[in-house]
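Participant: starting from these lines, generate the structure:
(chains A, B, C and D)
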Protein chains: 2
Amino acid sequence: MKLRNSSVSAREVAARAGVSRSAVSRTFTPGASVSEETRRKVLEAAEALGYHVNQLARGLTRQESGIVCLIGSDLGTPYRANLMKALTQHLQNVGKVAMVINTDRLDGSVDLALRQAIRYRADGSIILSGMPDKSITRLCLNNGQRLVLINRDDEHDGPLHINLDEAAAMGAVLMAFLRAGCRRLAFANSAAGTPSLMAREKGFIAAAATMGLDVMTERHGFTCYDSGRVLAHRLLTRKERPDAVFCVTDLIACGFMDAARQEFGLRIPEDLCVAGFDDIEQAGWSSYGLTTFSQPIDDIAARAVAWLDQGGRSDAQPLPSFIRLPASMVWRQSIRKG
Amino acid sequence: MKLRNSSVSAREVAARAGVSRSAVSRTFTPGASVSEETRRKVLEAAEALGYHVNQLARGLTRQESGIVCLIGSDLGTPYRANLMKALTQHLQNVGKVAMVINTDRLDGSVDLALRQAIRYRADGSIILSGMPDKSITRLCLNNGQRLVLINRDDEHDGPLHINLDEAAAMGAVLMAFLRAGCRRLAFANSAAGTPSLMAREKGFIAAAATMGLDVMTERHGFTCYDSGRVLAHRLLTRKERPDAVFCVTDLIACGFMDAARQEFGLRIPEDLCVAGFDDIEQAGWSSYGLTTFSQPIDDIAARAVAWLDQGGRSDAQPLPSFIRLPASMVWRQSIRKG
DNA sequence: TTGTACGCGTTATCAC
DNA sequence: GTGATAACGCGTACAA
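Facilitator: I've put the predicted structure just below:
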């Protein structure tokens, strides 16, 4: 066992195995032609020396680094964390590796992150939040990088867009509220104003309008538990108190439910029907039993990775660059059954 | 604006700027000597061409890739997700970037992940779960990689170990239970058997023994909400029902509390005192109001990153390779005040 | 300060 | 199947 403080290169392995450097390279290149004899000698020497292929050098000559950048904020949030987890898992399954860039406190946020992705010659980037400048998008594409935008409704051309069918979901939850006998509808939104959040708000209001109903709408703060509490205060103190509220996110719904029960003495679903979105783990906890919409996280991750991976193999036909996935309703106890 | 499908290199920038290729290199190397004039010309050409330094190539010549691997499982869990978030944030602050490797479904788990880290010539790796084989640890060290083990009590030599003072925390919570008048103590653990979880169990039992008290201990399943519910059933159906229970994790505590209240009709803290560990966001939600111990996540991340970063600058004196951080008690409503 | 030449570790191409 | 050789893009002595 060597004890130097630097890594061992293919040349050293070749020397020890008594073969050329190319033989070593071929041994570690899937689908290359090496005789069983040399292969054995190389692997033996590599094992003894502790040799590992240098992906930096490999990425330099091939046009593939194997790196995919995951760019987003609020990575500690249940939904985001699970999405990140699924993405890293799927990337690993196809032999790629995730490089995550946190845009929480970044100035140029996404643009800066994408520049970092370019510097590491990432094969692609997956964007979970923020909207990249159009010029940066072009820059990535020119650098041979593939882009995936998840739940961002930007109209960029070139990247893959993965979105949910928010309108259909909002139609479904409205029907559920109506079947439960609710007529005084409310929508609790955060002030973040991201495309998917706004799509839910618009979808819900539009669906209600179809039935000739109005919606009390409030927006406040970040998309978190505490905002849910504040929104509950705003909506439940109105002269005409809502009997059904859609919370734009499960996190907000949890805060809303806690405030509604503990500070307003409301029973759910008897006095108030509540629904959320994301189907985070807490929605299933028995303190909440929240009826919500599940984001098809695993499917999203699979599609995103497949799109990026297909970029490598040139024989594949182009996939559609707009994917709209359904969010299926998860029935629990926070809406009365009609 | 160029429209090729490959990235632009320093040579092209040099050509356009009318300088040598080294001039370009120097312009993008902090602390190199370039005249203001050439620097301007280079930056101008770089901007026009959309040039970005190739970190793969840079990492090849320098002995630093700027990559740090984050290795762990259960990355969707609140505590883990927040730790990952803090780590990526701190890494970015010192100009490094996080490469995350999910060990959830990996066969050789940590060992495999560390091999991946070596292949990408990571400057270091931070391990959140699993215990690397001693030989792999050596391998990393030999490859010039620095290692940080968080909350793993392994006795490896060379890596930085960051642990919490679990014993002190257990002493504190025992005192709190006693002051609340509790005597029938219980400990709800998962079956994971990781070092930090077992340290809490041992610490709690030892503290109780000091006071001449016994502890009803149960272990079950993964470290999650559902296990908490099962553990509640196991412990609360005992002939001598506990009046205080320490849950090894907040997640388990939440499940335990829900089951205790809803299935056993117990009031917390009147009939049963509960405490947890981690101080995840949900512990502060008003449905739980869980008294717990906060993991100093930001401090942990800062220390880990500082240790890795110091490896680069050779003028720094070695930091201690064992750090024990205190977990401070966060008082809420789940323990009666004495 | 600037340019030249070489090395970093790997893969691809080409003869053999 | 195997071995030289030329890239890949960059940092850096070294000489100018």
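Participant: quickly list the domain ranges of chain A.
Facilitator: Following the assignment in automatic domain parsing, chain A carries domains at A:10-53, A:65-164+A:297-326, A:166-295.
Participant: mean pLDDT lowest where, among those domains?
Facilitator: Mean pLDDT per stretch puts domain A:65-164+A:297-326 lowest among the domains of chain A, at a mean of 90.
Participant: and that one, is it in reach of DNA strand D?
Facilitator: No: shown here: domain A:65-164+A:297-326 not in contact with DNA strand D (C-beta under 7 Å from any atom of the strand), separated by at least 8.2 Å. C-beta coordinates here come from the backbone N, C-alpha and C atoms, glycine included.
Participant: from the opening residue of that domain to its closing one, how far?
Facilitator: 33 Å (C-alpha to C-alpha, to the nearest Å).
Participant: which residues in chain A form helices?
Facilitator: The residue ranges that make up the helices of chain A, judged by DSSP state H, are A:10-17, A:21-27, A:36-49, A:55-61, A:78-93, A:109-119, A:134-142, A:166-179, A:195-210, A:225-236, A:250-264, A:297-310.
Participant: output the ones you listed as a markdown table; include the columns distance to residue A:103 and mean neighbour count.
Facilitator: Output for the helices of chain A, formatted as a markdown table (distance: least, C-beta to C-beta, whole Å; neighbours: other C-beta atoms under 10 Å in any protein chain shown):
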| stretch | distance to residue A:103 | mean neighbour count |
| --- | --- | --- |
| helix A:10-17 | 38 | 19 |
| helix A:21-27 | 38 | 19 |
| helix A:36-49 | 40 | 16 |
| helix A:55-61 | 24 | 18 |
| helix A:78-93 | 11 | 23 |
| helix A:109-119 | 4 | 22 |
| helix A:134-142 | 13 | 18 |
| helix A:166-179 | 23 | 20 |
| helix A:195-210 | 16 | 18 |
| helix A:225-236 | 20 | 22 |
| helix A:250-264 | 19 | 23 |
| helix A:297-310 | 18 | 20 |
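Participant: among those, which comes closest to residue A:321?
Facilitator: Closest approach to residue A:321 among the helices of chain A is made by helix A:297-310 (8.2 Å; C-beta to C-beta).
Participant: any chance of the helices of chain A in a markdown table, plus distance to residue A:160?
Facilitator: Rendered in a markdown table, the data for those read as follows (distance: least, C-beta to C-beta, whole Å):
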| stretch | distance to residue A:160 |
| --- | --- |
| helix A:10-17 | 36 |
| helix A:21-27 | 33 |
| helix A:36-49 | 38 |
| helix A:55-61 | 22 |
| helix A:78-93 | 13 |
| helix A:109-119 | 15 |
| helix A:134-142 | 12 |
| helix A:166-179 | 18 |
| helix A:195-210 | 15 |
| helix A:225-236 | 31 |
| helix A:250-264 | 26 |
| helix A:297-310 | 5 |
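Participant: closest to chain B out of the ones you listed?
Facilitator: helix A:78-93 (3.4 Å; C-beta to the nearest C-beta).
Participant: circling back to that earlier point, can you list the domains of chain A in JSON lines and add distance to chain B?
Facilitator: Below are the domains of chain A laid out as JSON lines (distance: least, C-beta to the nearest C-beta, whole Å):
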{"stretch": "domain A:10-53", "distance to chain B": "5"}
{"stretch": "domain A:65-164+A:297-326", "distance to chain B": "3"}
{"stretch": "domain A:166-295", "distance to chain B": "4"}
